[in-house]
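[1] Curious how this folds, go ahead:
(chains A and B)
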Amino acid sequence: MAKKKPKQKPFGQLLREKRIEKGYSLRKFAQLVGVSPTYLSQVEQMNVDPPTADRVKRMAEILEESVDEWTALAGRLTEDLPAIIHESPTEVPDLLRAVRGLTGDQLRRLREDAERMKEEGRDEET
Amino acid sequence: MAKRVSKPGPKLRFMKDQEFEDEAALLLAEYGNQHGQVTAPPIPIDEIVELYLQLHLTFDDMQQLFGVSDVHGALWVNDRRVGIDHRLEPTDNPSMLGRYHFTLAHEAGHWRLHRHLFLRRANQLTLLPDNVERPEYICRSSDTEPIEYQANRFASCLLMPREMVKRAWHEWRGSMDPIYLDDLQAKRQQILTAEVLRRGGFKSGDNAEANMLLEHASRPLAATFEVSPDAMRIRLEGMKLLLREKENLLF
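    Numbering: from 1, shown residues only, chains lettered A, B, ... in the order given. As a prediction, the model looks like this:
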């Protein structure tokens, strides 16, 4: 039987846990991110939607967490993704649909193949 | 027999003045052992509450939550949560810095001194409150209960540790001589005008004028310790560094 993926913690809860783990008080962390402590408290309590992508990025960077992972958890897209999709508006969505459901390991191998293909393409150009 | 209108609260132990000093000093020392000793004001009360006591700090609209206007803070013992009214949050409301610190220290006082009175016992479901969302402590500015007095005394000792206050006083004044109310009377008009302008009004009530004069004198240390002039005045009076009357000396 396939292993069940552990249930992901909600963004607000994870944010609070990691913030405390890194030794930042609510007010200190809010100051570093550039948001109001009251707003941050509401985010942590999950009373409001998660912050915008650039704020999530800043939070993840301060707490030394994966920006992509946190952005996804917050239900946002990193700012470079819309441009990437617009560059190949048919192929990229098709690719995303095709890889949907693959395991983390399969996705990693696919990414490595893609990087190799890019490298080879560069070599052929020179 | 007169009808009892409210349930009797949990039995509160009497505490001597020195016990508040000791309890607050102990908490500061425990925090210091984990996060570095605190040797100078202001006391890092946010870090004490969140990082050492591991209480979940939230900023909430207390007026909306409880339907009354003067709730500054609340403590949900079993959830390990401290809620502070968002109007006190000092980044958005800098003039509230002192009151915010005091409210947080007050809730820390409830946690240290009184939480055992309300901790839910896992095997005694009947002790569960009817509404588990209701905090065990709702702290209002109008409260005069002994349990609130104890939390205030604790907060005062925690935010203004006796030895630190003495040191700061000596650095500021150059001696340990107290300031007398009489000494302030000479500049009475000037001080009162400055205070009224700063506060945007005159607080009425007993001793209002004397308090204002003494709080004016407390302002430099209040700023150092990041507490309100009101809280600093009460501490300094308790330490006999601010005196309302000159003591009668034999010689």
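
[2] Give me the mean pLDDT for the lengthiest helix in chain A.
    In chain A, with assignment by DSSP state H, the single longest helix is helix A:104-125. Averaged across helix A:104-125, the pLDDT comes to 84.

[3] same deal with stretch B:226-233?
    96.

[4] Spell out which residues of chain B are next to chain A.
    Within chain B, the positions near chain A by Cβ under 8 Å from any Cβ of the partner chain are B:35, B:44, B:46-47, B:50-51, B:54, B:56-60, B:86, B:89-92. No exception for glycine: its C-beta is placed from N, CA and C like everyone else's.

[5] tell me the SS of residue A:79?
    coil (DSSP: H, G, I helix; E, B strand; the rest coil).

[6] just for chain A, where's the confidence low?
    A:1-6, A:124-126 (pLDDT under 70).

[7] for it, what spans make up the helices?
    A:11-21, A:26-33, A:37-44, A:53-62, A:67-73, A:81-87, A:91-99, A:104-125.

[8] What residues sit buried inside the last one?
    What that stands for is helix A:104-125. Within helix A:104-125, no residue is scored as buried using 16 or more other Cβ atoms under 10 Å in any protein chain shown.

[9] So what touches it?
    Outside helix A:104-125, the residues that touch it by Cβ atoms under 8 Å, 6 or more residues apart in numbering or on different chains are A:99, A:102.

[10] quick one, it and helix A:91-99 angle?
    Interaxial angle of helix A:104-125 relative to helix A:91-99 (axes from the mean of the first three to the mean of the last three Cα atoms, to 10 degrees): 140 degrees.

[11] same question, the fourth one
    For helix A:53-62 against helix A:91-99, the angle between stretch directions is 60 degrees (the same axes, to 10 degrees).

[12] does helix A:53-62 come close to chain B?
    No: Helix A:53-62 lies out of reach of chain B by Cβ under 8 Å from any Cβ, never closer than 15.9 Å.

[13] now that helix against helix A:26-33, angle please.
    Between helix A:53-62 and helix A:26-33, the angle comes out at 110 degrees (the same axes, to 10 degrees).

[14] Helix A:53-62: how far from the chain's middle?
    9 Å (Cα atoms, centre = their mean, to the nearest Å).

[15] likewise the first one?
    Averaging C-alpha positions (Cα atoms, centre = their mean) puts helix A:11-21 15 Å from its chain's average.

[16] Point me to the residue of the stretch 101-250 of chain B nearest chain A.
    residue B:104 (10.2 Å; Cβ to the nearest Cβ).

[17] Any residues of chain A in contact with chain B? List them.
    A:16, A:20, A:23, A:25-28, A:30-31, A:36-38, A:41-42, A:44-45.

[18] Tell me the buried residues within these.
    A:16, A:20, A:25-28, A:30, A:36-38, A:41-42, A:44-45.

[19] domain ranges for chain A?
    Under the TED database, the residue ranges defining each domain of chain A are A:11-78, A:88-124.

[20] quick one: which of those domains is nearest residue B:18?
    The closest of the domains of chain A to residue B:18 is domain A:11-78. By Cβ to Cβ, the value is 30.1 Å.

[21] so where's chain B uncertain?
    In chain B (pLDDT under 70), the answer is B:1-10, B:119-134, B:136-137, B:141-143, B:247-251.

[22] now do 90
    Scanning chain B for pLDDT under 90 picks out the ranges B:1-13, B:65-71, B:78, B:116-147, B:183-210, B:245-251.

[23] hmm, back to that, out of the helices of chain A, which comes closest to residue B:152?
    helix A:26-33 (22.3 Å).

[24] does residue B:211 really touch residue B:233, like I thought?
    Yes: Residue B:211 is within contact range of residue B:233, at 6.7 Å (criterion: Cβ atoms under 8 Å).

[25] if you count what's nearby, which of those two comes out ahead?
    residue B:233 (24 against 21; other Cβ atoms under 10 Å in any protein chain shown).
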